[in-house]
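Asker: After the sequence you'll find the predicted model.
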There are 2 protein chains.
Amino acid sequence: MVTIYDIAKQADVSAMTVSRVINNTGRISEKTREKVRKVMEELNYVPNAMARGLVLQKTGILSLLVTDITNPFYTTVARGAEDAARSLGFKLLLGNSDEDANKEKEYIDMILSTRVDGILITPAGDSSKERLETIVRHGTPFVTIDRDVPGIDCDNVVGDSIGGSRKLIDYLAGLGHRVIALVGGSFDVSTARYRYEGYREALAANDLPYDERLVLQANYRMQDMEAAAEQLLSASSAPTAILAGNNMLALGLLQSFRRRGIDVPGQMSIVTFDDFGHRDLIDPLFTTAVQPAYQFGARGIQLLVDRIEGKSSSSTPQQCMLPNSLVIGSSTGVPRSNGTL
Amino acid sequence: MVTIYDIAKQADVSAMTVSRVINNTGRISEKTREKVRKVMEELNYVPNAMARGLVLQKTGILSLLVTDITNPFYTTVARGAEDAARSLGFKLLLGNSDEDANKEKEYIDMILSTRVDGILITPAGDSSKERLETIVRHGTPFVTIDRDVPGIDCDNVVGDSIGGSRKLIDYLAGLGHRVIALVGGSFDVSTARYRYEGYREALAANDLPYDERLVLQANYRMQDMEAAAEQLLSASSAPTAILAGNNMLALGLLQSFRRRGIDVPGQMSIVTFDDFGHRDLIDPLFTTAVQPAYQFGARGIQLLVDRIEGKSSSSTPQQCMLPNSLVIGSSTGVPRSNGTL
DNA sequence: TTGAAAGCGATACCAC
DNA sequence: GTGGTATCGCTTTCAA
């Protein structure tokens, strides 16, 4: 491997001088600088980030850990984070925890071991607490996005889940729906809880009864969603509409209903959060509380860098809630009848 | 930061012993091992990968650089790569070049600088040649996937673009289409060229005339696709079907046609490559030459690790072509009339 | 304007 | 079984 010493020897200067040329520090004669530059070119020199990081005690790298790299919401978050990191002079490292506590742990260990300057993370769930505490103990700045974790008080960027649920349920109620189910993700995840909370509040606000049998938790596995669909259809008072906890659940439910010959929105309306990048091509187009995914990433990186560079007050975590907007699609319609199919 | 010396002092042993405990090397008494382990726990020790990599001259990290992290095809590739890397004992670093030569260069510089053990890369285009040559000179093993680059003879995993085009065109011809356009990506990218090649071969095989005015190149920007749609509709002999170079182009064209009130497949059939993860939810479902995205990643990592570990013959690059399969959707139908709308 | 030496955190090699 | 020492590639500090 080519090192600064190779360059130094070839250019007949000291390693120190080479280092100065690379980093543009100190005073160097133009002649020497040119000579060194030329040798670096010739030898295809690429600085060793490890050696550099070791002495500088920083890497210039930020890490983004998301829970599902195949979810368009998170890839858009990644785009926002990447652009922001780049413009602030940092590189971005992407990781995928797959909603899995073990993978999350492995990734965090790797990240800490790599000594990145900061971490942007979507926690897999409440159990992420212990992993986040590891990060805290290690002293690496971090920001949570999309989800928060009880017991961890840190900078974070979240969406307005409660408000989103309210808007969606209000809209359904406005259409005349009176029996509305919730199929959400595991309550081990903060967004699922908040969306449930908004759901309950909105039901109350619209004078609709709450029925716990209409609240289902599903993982993102197809069989869960099939089961949820089945269960709702056979409920004694079957719902005419469903609030799906996120885009993936909405898709799964839609598929399940289609397979059972249930028309959406004819027989069942579906509303949800987040979109797919190409929302207008999915038929029906979901009525959605659209969150600013790109902003989640961009804002998160901004907070992270503020923290790294000490611009944030050290004691007060920055909490940032991004608003969503209701987009009406064709997955919703007036209920066919009151509570029965 | 906690180092092995801190551990050593606290546990009243030498740094060497701590290192041995960490790496499970050499003979150590169970008592000492336990003592050291306990101190590591207490102090939340996380090994410094930089220091480690510096002396070991390897990192255990593989890098995957794709051109569009928001394209479901590539996120599935990433999934395959991640799983394979994990099972082979490597970590995976994800990067996104955004189809941009400059970003690609920056990423490669960072990757080389990080001294990853190997690189899996989807080249942005033929101009990637110089960047790949940089990697060659640097001596880091790499494998290209999805696309190949003229002048670079290396391990690679590609799809059967020519065969895919043939199948798609044959299918259209079988439905009775006689005027079929091609809207492909830039010919600076190998897949676009191969798909064009397959298109021409298939036209000839089906005794259909070739008309160069029906061959358009588009970037993945919406305005390009709008322009392409416009141009095809106003052509003297307008096509009744289109082979879209990839999934993104197919989507863009579909949207453009819809906006113009053109029914797909009623007035225009569309076929393409790759899918969207949730293919069956997009209406119409595209008739597609589906490529095994997950395998692209998994196979690529396999080749890469074989190369790293010296299992591949050093002189002969491993070339691997993965087959695609034709999936009939609802984006295709019989032509309305012969060549005119 | 340039260079020598120390040290970042870890491991390999050689003693004991 | 365990410890000392040199070393990986680079930057910082201090001299010249």
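Answerer: Ah, there it is.

Asker: The residue in the stretch 51-200 of chain A that DNA strand D sits nearest to: neighbour count?
Answerer: Distances between the stretch 51-200 of chain A and DNA strand D by CB to the nearest atom of the strand are smallest at A:Ala51, namely 3.1 Å. C-beta: built from backbone N, CA, C; applies to glycine. A:Ala51: 16 surrounding residues under other CB atoms under 10 Å in any protein chain shown.

Asker: Hmm, it is touching B:Gly53, no?
Answerer: No - taking contacts as CB atoms under 8 Å, A:Ala51 lies outside contact range of B:Gly53: 9.3 Å.

Asker: Check what pLDDT A:Leu233 gets.
Answerer: Listed pLDDT for A:Leu233 reads 92.

Asker: Quick check: nearest residue in space to the residue of the stretch 51-200 of chain A closest to DNA strand D, chain neighbours excluded?
Answerer: B:Leu54 (5.8 Å; CB to CB, 6 or more residues apart in numbering or on different chains).

Asker: can you tell me how far that neighbour sits from B:Val18?
Answerer: 17 Å (CB to CB, to the nearest Å).

Asker: Then A:Lys105?
Answerer: In terms of CB to CB, A:Lys105 sits 22 Å off from B:Val18.

Asker: which of those two has more neighbours?
Answerer: B:Val18 (25 against 17).

Asker: Over to the more buried one. Which of the three states is it?
Answerer: B:Val18 falls in the helix class when you classify it by DSSP: H, G, I helix; E, B strand; the rest coil.

Asker: I figured it hits B:Ile7, correct?
Answerer: Yes - with contact defined as CB under 8 Å, B:Val18 reaches B:Ile7; the gap is 4.8 Å.

Asker: Next one: the residue nearest to A:Ala51, what pLDDT does it get?
Answerer: Per the predicted model, pLDDT is 95 at B:Leu54.

Asker: neighbours around the closest residue to DNA strand C within the stretch 201-341 of chain A, how many?
Answerer: As assessed by CB to the nearest atom of the strand, DNA strand C sits closest to A:Ile308 within the stretch 201-341 of chain A, at 17.9 Å. By other CB under 10 Å, the residues close to A:Ile308 number 18.

Asker: My guess is it contacts A:Pro141. True?
Answerer: Yes - contact criterion CB under 8 Å: A:Ile308 and A:Pro141 qualify, at 5.1 Å.

Asker: Now do the shared contacts for those two.
Answerer: Residues touching both A:Ile308 and A:Pro141 by CB atoms under 8 Å, 6 or more residues apart in numbering or on different chains: A:Asp117, A:Gly118.

Asker: Give me the below-cutoff pLDDT ranges for chain A.
Answerer: A:278-281, A:337-341 (pLDDT under 70).

Asker: give me that answer again for 80
Answerer: A:275-283, A:313-315, A:336-341 (pLDDT under 80).

Asker: and the stretch 1-150 of chain A, which residues reach DNA strand C?
Answerer: Residues of the stretch 1-150 of chain A lying close to DNA strand C by CB under 7 Å from any atom of the strand are A:13-17, A:20, A:26-29, A:31-33, A:51, A:54-55, A:57.

Asker: Which PyMOL command selects the buried ones in those residues?
Answerer: Those of those that count as buried under 16 or more other CB atoms under 10 Å in any protein chain shown are selected in PyMOL with:
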select buried, chain A and resi 13+17+20+32+51+54
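
Asker: Can you list which of the residues of the stretch 1-150 of chain A next to DNA strand C are found in helices?
Answerer: A:Ala15, A:Met16, A:Thr17, A:Arg20, A:Lys31, A:Thr32, A:Arg33, A:Ala51, A:Leu54, A:Val55 (DSSP state H).

Asker: For B:Gln255, see how far away the fifth one is.
Answerer: Read it as A:Lys31. The gap separating A:Lys31 from B:Gln255 is 59 Å, by CB to CB.

Asker: Secondary structure element holding the closest residue to A:Ala84 other than its chain neighbours?
Answerer: Nearest residue to A:Ala84, sequence neighbours excluded (CB to CB, 6+ apart): A:Ile301, at 3.8 Å. Per DSSP states H and E, A:Ile301 falls inside helix A:293-308.
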